[in-house]
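>>> Quick one, fold the following:
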Amino acid sequence: TSNSTSNSTSNSTSNSTSNEGRVIWCGSGTEADNLAIDLALSIYHIRNPSSTAVPNIVTSAVEHPAVMLYLKKLSSSGKIILHIVSPCPKTGTLSPPTFASHVTKNTAMVTVINAQNETGEIIKIDEISRLCRERNGNVIVHSDAAQGVGKHPNLTFPLSPTTPCYWDSVDMATVVGHKIGAPKGVAALAVNGLRLGGDVWDGV
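Residues are numbered from 1 along each chain as shown. Model (predicted):
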């Protein structure tokens, strides 16, 4: 177990840290997902100190319960306005333009799973992110990457400013250890410092 943890930590660190990125270690994917949401809301309030608008969050109807249950709890308590976007009923795919159409100036974050854990669909995170940022340049993009990282060639985190990759599309991503060879109880929230800068640490 110690070797497994050490190897996975080493691999995750080499893939997910540099001057542009940071890793916040967590005890589970659920903790990392919830932390991403809390950080996004904190950053929104830091960036909009005089705003009285309730921040909204856009997500998909195919999210893992680790994301969905917490968002619904925040929505029911009045802390956020939640927009849940359903995939096409015929194809089961999530339309990036339809998803992005829900983003407004008061959208604190969008959170989308990168590989759906039941259907296996690879969500078009890059297109969703691009369209959402066109509507709101400050929107924070989070992805629950537990199912895809380490299994799909396009879902990697080299964090090189000269290498276009999945990381360019997201500000925060959840990675879960037992999905990539580590024991349970090891997870991380990868944070893209290129876009968030010091705001993310102010929000911790």
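>>> Going by C-alpha atoms from here, please, whenever you check contacts or count neighbours.
Fine.
>>> Now the terminal residues of stretch 113-125, how far apart.
Stretch 113-125 has an end-to-end distance of 8 Å (Cα to Cα, to the nearest Å).
>>> In that stretch, which residues are buried?
The neighbour-count criterion (16 or more other Cα atoms under 10 Å) identifies 113-116, 122-125 as the buried residues of stretch 113-125.
>>> Okay, and which of these map to helices?
Under the assignment DSSP state H, the buried residues of stretch 113-125 contribute Ile125 to helices.
>>> Include distance to Ile81 and pLDDT when you put the buried residues of stretch 113-125 into JSON lines, please.
What follows is the buried residues of stretch 113-125, written out as JSON lines (distance: Cα to Cα, whole Å; pLDDT from 0 to 100):
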{"residue": "Ile113", "distance to Ile81": "19", "pLDDT": "90"}
{"residue": "Asn114", "distance to Ile81": "23", "pLDDT": "84"}
{"residue": "Ala115", "distance to Ile81": "25", "pLDDT": "75"}
{"residue": "Gln116", "distance to Ile81": "24", "pLDDT": "77"}
{"residue": "Ile122", "distance to Ile81": "26", "pLDDT": "79"}
{"residue": "Ile123", "distance to Ile81": "23", "pLDDT": "85"}
{"residue": "Lys124", "distance to Ile81": "24", "pLDDT": "86"}
{"residue": "Ile125", "distance to Ile81": "22", "pLDDT": "87"}
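>>> with the buried residues of stretch 113-125 in mind, which one is nearest to Ser77?
Out of those, the one with the shortest distance to Ser77 is Ile113. That distance is 23.8 Å, counting by Cα to Cα.
>>> Nearest residue to the closest one in space, please, no chain neighbours.
Closest residue to Ile113 in three dimensions, ignoring its sequence neighbours and counting by Cα to Cα, 6 or more residues apart in numbering: Asp144, at 4.7 Å.
>>> about what we covered before: now, the buried residues of stretch 113-125 that are in strands?
Under the assignment DSSP state E, the buried residues of stretch 113-125 contribute nothing to strands.
>>> tell me which element the residue positioned nearest the centre of the chain falls in.
With distances taken as Cα atoms, centre = their mean, the chain has His142 as the residue nearest its mean C-alpha position (2.0 Å). Using DSSP states H and E, the secondary-structure element containing His142 is strand 140-144.
>>> Pull that strand out as CSV, backbone CA atoms only.
Extracted in CSV, the C-alpha atoms of strand 140-144 (Å, rounded to 0.1, in the frame of the first residue of the first chain):
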residue,chain,number,x,y,z
ILE,A,140,-14.6,29.2,-13.2
VAL,A,141,-14.6,25.8,-15.0
HIS,A,142,-14.4,22.7,-12.9
SER,A,143,-14.4,19.1,-14.0
ASP,A,144,-14.8,15.9,-12.1
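>>> Could you pull up the contacting residues of Ile123?
93-94, 112-116 (Cα atoms under 8 Å, 6 or more residues apart in numbering).
>>> Give me the distance between the strand holding His142 and the centre of its chain.
In terms of Cα atoms, centre = their mean, to the nearest Å, the centre of strand 140-144 is set 2 Å apart from its chain centre.
>>> C-terminal to the helix or strand bottoming out on mean pLDDT in the chain, what's the next element?
Of the helices and strands making up the chain, the lowest-confidence element is helix 2-16, at a mean of 43, by mean pLDDT, DSSP states H and E. Reading on from helix 2-16 to the C-terminus, the next helix or strand found by DSSP H and E is strand 21-26.
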